[in-house]
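Trainee: Dropping the sequence and predicted coords here.
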Amino acid sequence: MITTITLNAAIDQVYEVDSLAVGGTNRVSTIIQEAGGKGINVAKVLKRSGADVTVGGFAGGINGERIRQLLLKKSIPSELIQVEGESRVCLTVLDSKKSKVTELLESGPEITKQEWQAMLNWIDEQSKSVKWFALSGSLPKGLPTTAYTELIDIINANGAKAILDSSGDALRNGIKAKPFAIKPNEFEIATILGKATVNETDLLDVGKRFVDDGVEHVCFSLGEKGAIFVNKDGYFKADAPKVEVVNTVGSGDAFVGGLLYGLANGEEPLEAYKRALACGSVNAMYSKIGYIDSQQVEELMGQITIIKL
């Protein structure tokens, strides 16, 4: 069993237009509606990979009920904690002609102290029986930047393992709790280091520092450039397989889903890294967010080579 946590769940609404006219009238050719938020996207990838997965987090209002219905439609069980506020809608507009993606993201509900305590109690019980967790996404209003730190401390204390995928202070503080794995991108690492940009040397140096501090797998996702991985055995690099890109939204979440599926099923780290890259690449081939085809994932894994630096 794997549990994914989405503290700011959403309805993902994808509109496809022939050519986006800013300030003008746009006719939508295709509409896709899914339960969303980064942890939910991870859960969708895990489900399509064949994993037994449950979704946790917060959901509220009419949108929250719709999120639950959309998860049920995909046969993904959820134990989302009811909150007073209204869950958000995240709109993605695909410009088919220019191959451009525009995102409009609502902020979501504000979480109360009582609602947060309910989450802490729930994660304590859940992590006594579930051994693998994905903690993904930004923090909703009302939560401290140490929220992931608190969750990871509970998960670790109960002998379970957490993969963290966030940004800013939520990521910086979460790393201090020693999650099993993290998946920052270049921008997120640059923010932590206080730099405008980072190079490969920066990534290797900070990756080693994180591993020395207790993170077992540091996975830097580099988009179309592939990924760099750091663990106790050294530094590794892989190029992304060449695919026809349709929509990259959710590819980072698919990466986490592939990584978590591989590690939870006892794959060797390099094989799990290949699976992560393949899942992220396959997701980019589709309009849907958090979608993979398992056969395509296996085919792409055979095309990926990982070299030791």
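Mentor: That came in fine, so what should we check first?
Trainee: tell me the centre residue of this protein?
Mentor: Closest residue to the average C-alpha location of the chain: Asp253 at 3.2 Å, with Cα atoms, centre = their mean.
Trainee: you'd agree that one is up against Lys183?
Mentor: No. Asp253 lies out of contact with Lys183 (Cβ atoms under 8 Å); the separation is 9.3 Å. All C-beta spots, glycine's among them, are computed from the backbone N, C-alpha and C.
Trainee: what do these two both touch?
Mentor: Counting by Cβ atoms under 8 Å, 6 or more residues apart in numbering, the residues touching both Asp253 and Lys183 are Asp165.
Trainee: Can I get stretch 177-187 as PDB, trimmed to CA atoms?
Mentor: Presented in PDB, the C-alpha positions along stretch 177-187 are these (Å, rounded to 0.1, in the frame of the first residue of the first chain):
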ATOM      1  CA  ALA A 177      13.300  16.000   8.600                       C
ATOM      2  CA  LYS A 178      15.300  13.600   6.400                       C
ATOM      3  CA  PRO A 179      12.700  12.200   3.900                       C
ATOM      4  CA  PHE A 180      13.700   9.000   2.100                       C
ATOM      5  CA  ALA A 181      13.800  10.800  -1.200                       C
ATOM      6  CA  ILE A 182      13.300  14.300  -2.700                       C
ATOM      7  CA  LYS A 183      12.700  15.500  -6.200                       C
ATOM      8  CA  PRO A 184      13.600  19.200  -6.700                       C
ATOM      9  CA  ASN A 185      14.100  20.900 -10.000                       C
ATOM     10  CA  GLU A 186      16.800  23.400 -10.900                       C
ATOM     11  CA  PHE A 187      14.600  26.400 -10.100                       C
END
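Trainee: Return the mean pLDDT over it, rounded to an integer.
Mentor: For stretch 177-187, the mean pLDDT works out to 96.
Trainee: List the buried residues of it.
Mentor: Buried residues in stretch 177-187, defined by neighbour count with 16 or more other Cβ atoms under 10 Å: 177-186.
Trainee: Could you export the residues you listed as TSV, including distance to Gly168 and secondary structure?
Mentor: Output for the buried residues of stretch 177-187, formatted as TSV (distance: Cβ to Cβ, whole Å; DSSP: H, G, I helix; E, B strand; the rest coil):
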residue	distance to Gly168	secondary structure
Ala177	16	coil
Lys178	19	coil
Pro179	16	coil
Phe180	21	coil
Ala181	19	strand
Ile182	13	strand
Lys183	15	coil
Pro184	11	coil
Asn185	12	strand
Glu186	14	helix
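Trainee: Same list (those) but as TSV, adding distance to Lys141.
Mentor: As requested, those are arranged in TSV below (distance: Cβ to Cβ, whole Å):
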residue	distance to Lys141
Ala177	22
Lys178	27
Pro179	23
Phe180	28
Ala181	27
Ile182	24
Lys183	24
Pro184	23
Asn185	24
Glu186	27
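Trainee: Contacts only, for the closest residue to Thr305 other than its chain neighbours.
Mentor: Counting by Cβ to Cβ, 6 or more residues apart in numbering, Ala238 is the residue found nearest to Thr305 once chain neighbours are left out, at 6.7 Å. If a contact means Cβ under 8 Å, 6+ apart, then Ala238 has 226-227, 229, 273-274, 277, 304-307 as its contacts.
Trainee: how long is stretch 106-119 end to end?
Mentor: 22 Å (Cα to Cα, to the nearest Å).
Trainee: Touching it from outside, list them.
Mentor: With contacts defined as Cβ under 8 Å, 6+ apart, stretch 106-119 is touched by 7-10, 56-58, 60-61, 81, 83-90, 140-143, 147, 151.
Trainee: The same query, at a cut-off of 6 Å, please.
Mentor: 8, 60, 81, 83, 85-86, 88-89, 140-143 (Cβ atoms under 6 Å, 6 or more residues apart in numbering).
Trainee: Same check on stretch 213-229?
Mentor: Stretch 213-229 is touched from outside by 178, 180-183, 185, 203, 207, 210-211, 230-231, 236-240, 252, 255, 273, 277, with contacts defined as Cβ under 6 Å, 6+ apart.
Trainee: Repeat that for stretch 179-193.
Mentor: Stretch 179-193 is contacted from outside by 152, 161-165, 167, 172, 197-198, 215-219, 221, 256, using Cβ under 6 Å, 6+ apart.
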